[in-house]
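[1] sequence first, predicted model second:
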Amino acid sequence: MQVFHNKSKVIVTCNKRLAPYLAEEIKDLGYTIVREFPTGAELEITMSQCIKLNLNLRCASQVLYKIASFKAKNPDDLYNAVKLIEWEKLINSTGYFSVTSNVDNPTITTPLFANLKVKDAIADRILELKGLRPNSGSEVNKTVIHLYWKENEADIFIDTSGETLAKHGYRKIPGKAPMLEALAAGTILATKWDRNSPFVNPMCGSGTLAIEAALIATNRRPGLYRMNYGFMHVLGYEEEVFFEERRNLKDQVIKNKKIKIIASDISEDAVDVSRKNAKTAGVDGLIEFYVCDFRETPIPENAGTIIFNPEYGERLGVHHKLELTYKAMGDFMKQNCKGYYGYIFTGNPDLTKKIGLKAERKIEFYNGKLDCRLLEYELYSGSKRIDTRIQSSLPNE
């Protein structure tokens, strides 16, 4: 089974509402998308081509390569169909594999049972043919098989990623309520930041937004921070393809980038965590860290981007303290950030009413299961009304 050189359906998944930014990433890498959907994109490529996706994508979760499709009404049908696949050409008989699934079938009450049927079918076939039964379990750090089973239609994939791509590998200390790296990257890609002007992140927490900004600005890809993927544990894997792609990642890094990235937090512990995470990512020299109230964050002159990710508070019943904080963020941007694009990422629509600015855009995201918005504010250096009046007084060309 020449999976590394044969084209097949590939599904690249992501968290809900990250799909538009994922699609742009995939296209920028030179791939053609067959279909886009709310949680990912479909391509037609080889598993070797999946290696580049795994190393480069910032917004993705998994890269799944299809090896079989069949009909299955019940668990017995599933077992029989899976057992027909030539697993001995994919999984080492002395190796280790795990099974994940997305199941919507009336005969299945828990996806764990479907996972077990797939595991048994794979192990039984290899045992019968090789005399050895590979180990299996819940860890996804070796060969990972994914089952997609809806009604009577089932697809079997090799999960070429293994551990999720949504974590970028540099954040060894998460901090309090951290934003997932893929979400942080998608949030930045949704802004109008040009990757050259100043990027300011007050209330930085564990530093994820500032670090992702530094990574994007210098074209450092997530593959630089990871050395284990699911595709490495599939028979036929050619490691030179991986190492060549990794060399390309290193060559593409923009060295000696002149850029101003500022991160601040009132918590000394948070700033300490941010510094350590930035050092692991190799971008600590690109970020200026400050321990201070957000209102004391230094703002470079002229134009730039400022982004807040404040606490959301309770969905029902707004805390008075947070109301004051949201109002203060709006006042700070109006008074100190003229000429900037301002952004506030929040999951509390009631608190946004206290900001005192009208959002130019409200971009939808999810943070976990929480419905969130990235609010965009154009912070004019002068009066928009005056600018418009001056423009209207000019003669028509």
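    Noted; the coordinates are in hand. Numbers count the residues shown, from 1 in each chain.

[2] what's the distance between the closest residue to Pro298 other than its chain neighbours and Pro202?
    Sequence neighbours aside, Ile262 is the residue nearest to Pro298 in space, at 6.4 Å (criterion: Cβ to Cβ, 6 or more residues apart in numbering). Backbone N, C-alpha and C define where each C-beta goes, glycine included. Using Cβ to Cβ, to the nearest Å, Ile262 is found at 8 Å from Pro202.

[3] who touches both of the two?
    By Cβ atoms under 8 Å, 6 or more residues apart in numbering, Ile262 and Pro202 have these common neighbours: Thr297.

[4] who's more crowded, those two?
    Pro202 (25 against 21; other Cβ atoms under 10 Å).

[5] make sure that one is actually in contact with Asn309.
    No. The pair Pro202 / Asn309 is not scored as a contact, 9.3 Å apart, by Cβ atoms under 8 Å.

[6] can you check which helix is longest in the protein?
    helix 111-130 (DSSP state H).

[7] what average pLDDT does it get?
    Helix 111-130 carries an average pLDDT of 97.

[8] again with stretch 156-170
    If you average the pLDDT values across stretch 156-170, you get 97.

[9] return the distance of it from the chain's centre.
    11 Å (Cα atoms, centre = their mean, to the nearest Å).

[10] measure that stretch end to end?
    31 Å (Cα to Cα, to the nearest Å).

[11] determine how far stretch 145-165 lies from the middle of the whole chain.
    19 Å.

[12] if you could redo that for stretch 70-83, that was the one I meant.
    On Cα atoms, centre = their mean, the centre of stretch 70-83 falls 33 Å from that of its chain.

[13] list the buried residues of it.
    70, 72, 75, 77-79, 81-83 (16 or more other Cβ atoms under 10 Å).

[14] next: stretch 111-128.
    Those would be 111, 114-115, 117-123, 125-126, for stretch 111-128 by 16+ other Cβ under 10 Å.

[15] what does stretch 255-264 give?
    Applying 16+ other Cβ under 10 Å to stretch 255-264 flags 257, 259, 261-264 as buried.

[16] now, among these, which is nearest to Lys27?
    Nearest to Lys27 among those, counting by Cβ to Cβ, is Lys257 at 24.1 Å.

[17] the closest residue to that closest one other than its chain neighbours: how many residues sit nearby?
    Excluding its sequence neighbours, the residue lying closest to Lys257 (Cβ to Cβ, 6+ apart) is Thr218, at 4.9 Å. Residues within reach of Thr218, counting by other Cβ under 10 Å, total 18.

[18] what residues are up against Thr218?
    253-255, 257, 283, 286.

[19] same deal with Leu374?
    Neighbours of Leu374 in contact, by Cβ under 8 Å, 6+ apart: 187, 190-191, 343-345, 361-363, 365.

[20] give me the element it is part of.
    strand 370-378 (DSSP states H and E).

[21] returning to that earlier point: can you select the buried ones among the contacts of Leu374 for me in ChimeraX?
    Per 16+ other Cβ under 10 Å, the buried members of these correspond to this ChimeraX selection:
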select :187,190,191,343,344,345,363,365
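
[22] kindly reformat the contacts of Leu374 as CSV containing pLDDT and distance to Ile355.
    Shown next, in CSV, are the contacts of Leu374 (pLDDT from 0 to 100; distance: Cβ to Cβ, whole Å):
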residue, pLDDT, distance to Ile355
Thr187, 98, 17
Ala190, 98, 18
Thr191, 98, 17
Tyr343, 98, 11
Ile344, 98, 7
Phe345, 97, 12
Arg361, 97, 14
Lys362, 97, 12
Ile363, 98, 15
Phe365, 97, 17
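
[23] got the buried residues of stretch 70-83 as a markdown table, with secondary structure and pLDDT columns?
    Putting these into a markdown table (DSSP: H, G, I helix; E, B strand; the rest coil; pLDDT from 0 to 100) gives the following:
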| residue | secondary structure | pLDDT |
| --- | --- | --- |
| Phe70 | strand | 98 |
| Ala72 | coil | 98 |
| Pro75 | helix | 97 |
| Asp77 | helix | 98 |
| Leu78 | helix | 98 |
| Tyr79 | helix | 98 |
| Ala81 | helix | 98 |
| Val82 | helix | 98 |
| Lys83 | helix | 98 |
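
[24] let me have these in CSV, extended by distance to Gly162.
    As requested, these are exported to CSV (distance: Cβ to Cβ, whole Å):
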residue, distance to Gly162
Phe70, 24
Ala72, 25
Pro75, 26
Asp77, 28
Leu78, 23
Tyr79, 24
Ala81, 24
Val82, 20
Lys83, 24
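
[25] so which pair among those is furthest apart in space?
    It's Phe70 and Pro75 that sit farthest apart of the buried residues of stretch 70-83, by Cβ to Cβ, at 13.5 Å.

[26] what are the ranges of the helices in the stretch 201-350 of the chain?
    208-217, 239-252, 268-281, 320-336, 349-352 (DSSP state H, counting those that start in this stretch).

[27] which one of the ones you listed lies closest to Leu224?
    helix 239-252 (5.4 Å).

[28] kind regards, and thank you for your time.
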